[in-house]
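Asker: Sequence and predicted structure, then a few things I'm wondering about:
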Amino acid sequence: QDFDQAISLLKQMVASDKDDYQAQAILGTLLGSQGKYDEAEQAYLSALSAKPTFAPALIDFGRLRLKQKRFSDAVEPLTKLVGLQPDSGEANLLLGDAYAQMNQRPKAIPYLNEAARLGYPQAHLRLAWIYDADGSKDKAALEYEEFLKKKPDYPERQKLEAYNKANRKN
């Protein structure tokens, strides 16, 4: 009910001011969280039409498209965001993930490496998945090792350690 009230108020705000890109982006996020993806997309497109470089709208729009498994559609806003904010670990992670999901693994690797460098340990998991899928089990083991250094309390630690033991070349 609170969400519905907030959505209603935001819709009133953007109806009276089509250039309120911040309200449009927030509306998109709320609509997306309610599973109203088409409406959310329209809100993000309106926000980005008013301010094409609005980072919160770009990342949330990318997230929405990833959630919908529209990986190729997620590339555009996320690429734009990485161009605007190359030090955004999250943007690099999401863009790398989009490319990985599209089986464009060579394109994914630089973004995932950058995300890992910028402090996103889960990038190591995605890199390990890519290397494992490509048959580079030693590289995958190295990525799992890096991940476990950063996330020692990972619930499936033993599983990753067993993989490393079986696949790591010393």
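Answerer: Nice, I can see it. If you're wondering where the values come from, they're calculated on a predicted model, not measured in any experiment. Numbering: from 1, shown residues only.

Asker: Please report phi then psi for the most centrally placed residue in the chain.
Answerer: When Cα atoms, centre = their mean is applied to the chain, the residue found nearest the centroid is residue 94 (2.6 Å). Torsion angles at residue 94 (phi, psi; degrees, to the nearest 10) stand at phi -70, psi -40.

Asker: how about the helices in the chain?
Answerer: 2-16, 21-33, 37-50, 55-67, 71-84, 89-101, 105-117, 122-133, 137-150, 157-167 (DSSP state H).

Asker: Out of those, point me to the one whose mean pLDDT is lowest.
Answerer: By mean pLDDT, the lowest-scoring of the helices of the chain turns out to be helix 2-16, with a mean of 86.

Asker: now for that helix, which elements pack on it?
Answerer: Packing partners of helix 2-16 (3 or more Cβ pairs under 8 Å, 6 or more residues apart in numbering; DSSP states H and E): helix 21-33. Quick note: C-beta positions are derived from backbone N, CA and C, even for glycine.

Asker: Pull the residues that contact stretch 125-145.
Answerer: The contact list for stretch 125-145 (Cβ atoms under 8 Å, 6 or more residues apart in numbering) reads 93, 96-97, 100, 105, 108-109, 112-113, 116, 124, 147, 160, 163-164, 167-169.

Asker: What of stretch 75-91?
Answerer: 44, 48, 52-53, 55, 57-59, 61-62, 65, 92, 94-95, 98-99, 102, 111, 114-115, 118-120, 123.

Asker: mind listing what residue 157 touches?
Answerer: residue 148 are the contacts of residue 157 under Cβ under 8 Å, 6+ apart.
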